[in-house]
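S.K.: Model the following, please.
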Amino acid sequence: MNTNSKIALLFTTRNCYQLFDGIFFEYTKQDFSNYYIFNVDMNSTDEQKELAEEVFSKHDIIDLPIDLDDENIYSVNRDIEICSKYIEENDLDIDWIIWCSHDGYLVGDDFLERLESKIRENPEFNTEVGVIGFRDEGTIEVGKPCYGRGNLLQGLNGWYQNLPDEYEESEYFIVEAVHDNIVAVNIHLYKKHITPDYNFVLFFVWDEISAQFGLKNIASITIPSLTVMDMYREKPKFGLKRSLDADTTTHMDIYCENPSWHTHWLNKYKWKRGAVPPTKEQFYSANDIYSDSIQEKIFNCSVDDGPKTLEDLREH
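M.R.: Numbering: from 1, shown residues only. Sure, this is the predicted structure:
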């Protein structure tokens, strides 16, 4: 395959290949002929692997070789590493990997071209932005888009939602963490600055990656003019549960009452992830890890201060 795009797609798949044609490619109208699409299979059943071969052939997907004895293979962090390694070893000119959920889709027939245009118009994205998120429709409540995740910014309730109009009208804005359904990651900055934490398997992965970038003063942003649609409500039609309700059939991370990744986050970052923001005592008691970080800048701002850009971070 010969492409001139610096963007590629990555799926990490365990026993849900029916969703490729059932949801993602059914609703996404994008022409993918100019884009690499990669997949990491996380030990699916033989029956699913037969279905996978049909999907790979139909959509020209490259299934990346893996080591099933790798105990970290189920972590999105490990799969990003595998994909990055393949890109490097095959001398592919790719700067950004878009990690995609199977139960959502890209809205519009030129989503990727518009994203590429945004990156060209803002070349600082390549050196100052670690991850890019999008306007997410359908996750929390139909009709109420979500633009990211966070509880450090004053006026949030765990999500960048119900924001003033100026956020929606902006070209992009800084967020504490991108929303985690479809995310673009800067693979060069990832390899340079991220220490993969395999304790985060699926849940909190992008919160964790955004947090690591933030501590290095590398931003996470959302582009509100680019929309992705969450179709998790359609999954029962294909015999699958929502991720929050699923067992290890489709991913090896269980959403339970006291999940280990909540505890791991608290031990690592010293405050609880969720709707309730940390107190100043909790935030500033974390051995000064947040001193002069993006997290500190966000913590001392309010939603009402308006959307912040990379230039605002430099001036802060």
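S.K.: Distance check, the residue lying closest to Lys235 once chain neighbours are set aside against Arg242.
M.R.: In space, and not counting its chain neighbours, Lys235 is closest to Asp103: 5.5 Å by C-beta to C-beta, 6 or more residues apart in numbering. For every residue, glycine as well, the C-beta is placed using N, CA and C. With distances taken as C-beta to C-beta, to the nearest Å, Asp103 is found 8 Å from Arg242.
S.K.: I'd guessed Ile62 sits against Tyr36; true?
M.R.: Yes. The pair Ile62 / Tyr36 is scored as a contact, 6.7 Å apart, by C-beta atoms under 8 Å.
S.K.: Who has more neighbours out of the two?
M.R.: Tyr36 (22 against 16; other C-beta atoms under 10 Å).
S.K.: which residues touch Ser33?
M.R.: Taking C-beta atoms under 8 Å, 6 or more residues apart in numbering, we find Ser33 in contact with Asp60.
S.K.: typo on my end, it should be Phe20
M.R.: Per C-beta under 8 Å, 6+ apart, neighbours of Phe20: Phe11, Val55, His59, His102.
S.K.: Closest to Gly214 out of those residues?
M.R.: Phe11 (26.4 Å; C-beta to C-beta).
S.K.: part of a strand, is the closest one?
M.R.: Yes. Looking at Phe11 with DSSP: H, G, I helix; E, B strand; the rest coil, it is inside a strand.
S.K.: What number of residues are in the vicinity of it?
M.R.: Neighbours of Phe11 under the rule other C-beta under 10 Å: 24.
S.K.: Verify the contact between it and Asn39 for me.
M.R.: Yes. At 4.7 Å, Phe11 counts as touching Asn39 under the criterion of C-beta under 8 Å.
S.K.: list residues touching both of these two?
M.R.: By C-beta under 8 Å, 6+ apart, the residues touching both Phe11 and Asn39 are Ile61.
S.K.: So what's the residue count around Ala177?
M.R.: 26.
S.K.: who's in contact with it?
M.R.: The contact partners of Ala177, by C-beta under 8 Å, 6+ apart, come to Gly148, Arg149, Gly150, Trp206, Asp207, Ser210, Ala211, Ser220.
S.K.: now, the most widely separated pair of those residues?
M.R.: Gly148 and Ala211 (12.7 Å).
S.K.: the more surrounded of the two?
M.R.: Comparing Gly148 with Ala211 by other C-beta under 10 Å, the one with more neighbours is Gly148, at 30 against 21.
S.K.: what's the nearest residue to the more buried one if we skip its chain neighbours?
M.R.: Among residues not flanking Gly148 along the chain, Val175 sits closest, at 3.4 Å (C-beta to C-beta, 6+ apart).
S.K.: Show the contacting residues for Asp197.
M.R.: With C-beta under 8 Å, 6+ apart, Asp197 has these contacts: Asn77, Glu208, Gln212, His264, Lys268.
S.K.: Contacts only, for Asp31.
M.R.: Asp31 touches Asp109, counting by C-beta under 8 Å, 6+ apart.
S.K.: SS state for it?
M.R.: Once three-state DSSP is applied, Asp31 turns out coil.
S.K.: One more: Gly138?
M.R.: Classified using three-state DSSP, Gly138 is strand.
S.K.: now the one 10 residues further on
M.R.: The local conformation at Gly148, judged by three-state DSSP, is strand.
S.K.: in terms of contact, does it touch Ser220 like I think?
M.R.: Yes. In this structure Gly148 lies within contact range of Ser220 using C-beta under 8 Å: 7.4 Å.
S.K.: how close does the most centrally placed residue in the chain get to Leu215?
M.R.: Central residue of the chain (C-alpha atoms, centre = their mean): Val183, 3.2 Å from the mean position. Distance from Val183 to Leu215, counting by C-beta to C-beta: 18 Å.
S.K.: and the two most separated of the contacts of Phe20?
M.R.: Pairwise over the contacts of Phe20, using C-beta to C-beta, the maximum falls at His59 and His102, 12.3 Å.
S.K.: Between these two, point out the one with more neighbours.
M.R.: His102 (23 against 15).
S.K.: the helices in the stretch 101-250 of the chain, which residues?
M.R.: Secondary structure of the stretch 101-250 of the chain by DSSP state H, counting those that start in this stretch: the helices cover 111-121, 125-128, 165-169, 187-193, 205-215.
S.K.: in the third one, what counts as buried?
M.R.: So that's helix 165-169. Using 16 or more other C-beta atoms under 10 Å as the test for burial, helix 165-169 gives Tyr167.
S.K.: What lies in contact with it?
M.R.: Against helix 165-169 from outside (C-beta under 8 Å, 6+ apart): Arg135, Tyr147, Tyr160, Phe173, Pro224, Gly306, Pro307.
S.K.: any idea which of the residues you listed is closest to Phe238?
M.R.: Looking across the contacts of helix 165-169 and measuring by C-beta to C-beta, the closest to Phe238 is Arg135, at 25.3 Å.
S.K.: rewinding a little: among the contacts of Asp197, name the buried ones.
M.R.: Buried among these by 16+ other C-beta under 10 Å: Asn77, Glu208, Gln212.
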